[in-house]
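Peer 1: Turn this into a model:
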Amino acid sequence: MKLLQLNTWSLHLAPAIVQLLDREDPDILCLQEVVSTESGRKMLGSIQEVLAAHEFEYYYFSPLVRFTYMHHAAERGNMILSKYPITFAHEFWTAGELQTDFTKDISYDAARNVVHAQVETPAGLLHVLTTHGYHIREHKQGDEHTLAACKRMGEYIDTLEGPVVLTGDFNLIPESESMQVLNAKLRNLTLEHKVKTTRNHLTTKTEPCDYILTRDLKAKRFAVLDDIVSDHLALMLEFDDLSATID
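Peer 2: So this is what the prediction gives:
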């Protein structure tokens, strides 16, 4: 089985994302900054454009904000897509709440959540979680908000039985106090593989801030893909067993 993690950069490069999906053909896809709209205006990328070209039978989308674009309703948030049945899905909030009329005057961090989907894979039940972390413009060291969010995630994961995959753009470096909370509970593959960056030339930022973390899962391969599909790089995890530690 294969899982991909990507901050989609609001799907500005949706055709390139489709090409990546066609090549990698993931079984599970974890996305942040997902824009959903029926507008059809090519000035705004959307998950509808991706799904029209590369279908996933099961998915759960949790918007953080709702807004109007060229007289059409639009939403942006986090999403998990799967070839296998999602038997349960919901979200929990780590900051604020759903912004139903988002404008430029509202804080970028007014709404942050974690999406959790239980996926019934051929190897058994897998808990998949994805998030887009609290954003601090000046640095990726974190603060009291990110620390509280990571503690909330860790406490939630402690309640889950069985294999877990947590992914996302956490807006944190691996050594931050906030990430250490999750590093103590899960295997941080970005950290273990000494990833230097998960960004590319479309941004001036150079730190690793995107992660795949696992529990009770044996990986065949982990990689950072160099395709230009966003201002973030995609992460890929291949795995078979759901009851063993990573090699």
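Peer 1: At the geometric centre of the protein, which residue sits there?
Peer 2: In the chain, the centroid-proximal residue (C-alpha atoms, centre = their mean) is residue 168; its distance is 3.4 Å.
Peer 1: Which residue ranges of the chain form strands?
Peer 2: 2-7, 28-37, 58-69, 72-82, 86-96, 111-121, 124-132, 164-169, 187-188, 210-215, 219-224, 235-239 (DSSP state E).
Peer 1: and residue 212, what does it touch?
Peer 2: 3, 5, 165, 166, 167, 189, 190, 222, 235, 237 (C-beta atoms under 8 Å, 6 or more residues apart in numbering). No exception for glycine: its C-beta is placed from N, CA and C like everyone else's.
Peer 1: with the residues you listed in mind, which one is nearest to residue 149?
Peer 2: Distance to residue 149 across the contacts of residue 212 (C-beta to C-beta) is lowest for residue 166, with 12.3 Å.
Peer 1: Bridged to that closest one, which residues?
Peer 2: residue 129, residue 213 (DSSP bridges).
Peer 1: for residue 79, same thing?
Peer 2: residue 31, residue 61.
Peer 1: what pLDDT does it get?
Peer 2: Looking at residue 79, its pLDDT stands at 98.
Peer 1: hang on, isn't it packed against residue 35?
Peer 2: No: between residue 79 and residue 35 there is no contact under C-beta atoms under 8 Å: 10.1 Å.
Peer 1: where does the protein dip in pLDDT?
Peer 2: Flagging of the chain using pLDDT under 70 yields the residue ranges 39-43, 108, 243-247.
Peer 1: ok, longest helix in it?
Peer 2: Ordering each helix of the chain by length in residues (DSSP state H) puts helix 144-158 first.
Peer 1: returning to that earlier point: mutual contacts of residue 79 and residue 35, please.
Peer 2: Listed as contacting both residue 79 and residue 35 by C-beta under 8 Å, 6+ apart are residue 47.
Peer 1: circling back: return the distance of the residue nearest to the centre of the chain relative to residue 209.
Peer 2: 9 Å (C-beta to C-beta, to the nearest Å).
Peer 1: how about TSV for the contacts of residue 212, with distance to residue 122 and neighbour count added?
Peer 2: Formatted as TSV, the contacts of residue 212 follow (distance: C-beta to C-beta, whole Å; neighbours: other C-beta atoms under 10 Å):
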residue	distance to residue 122	neighbour count
3	14	27
5	21	30
165	16	26
166	21	27
167	20	30
189	22	22
190	26	23
222	20	20
235	22	26
237	16	24
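Peer 1: Can you tell me which of these is closest to residue 22?
Peer 2: Among the contacts of residue 212, and counting by C-beta to C-beta, the member closest to residue 22 is residue 3, at 16.5 Å.
Peer 1: Does the closest one touch residue 28 like I think?
Peer 2: Yes: using C-beta under 8 Å, residue 3 makes contact with residue 28 at a distance of 4.3 Å.
Peer 1: Touching both of the two, which residues are there?
Peer 2: Contacts common to residue 3 and residue 28, judged by C-beta under 8 Å, 6+ apart, are 128, 165.
Peer 1: rewinding a little: which one of the contacts of residue 212 sits closest to residue 54?
Peer 2: residue 3 (15.1 Å).
Peer 1: From residue 61, how far out is the most far-flung residue of the chain relative to its centre?
Peer 2: For the chain, the largest distance from the centre (C-alpha atoms, centre = their mean) belongs to residue 71, which lies 28.3 Å off. From residue 71 over to residue 61 the distance is 22 Å, taken as C-beta to C-beta.
Peer 1: Same question for residue 220.
Peer 2: Distance from residue 220 to residue 61, by C-beta to C-beta: 29 Å.
Peer 1: Among the two, which residue is more densely surrounded?
Peer 2: Taking neighbours as other C-beta atoms under 10 Å, residue 220 and residue 61 compare with residue 61 leading, 18 against 13.
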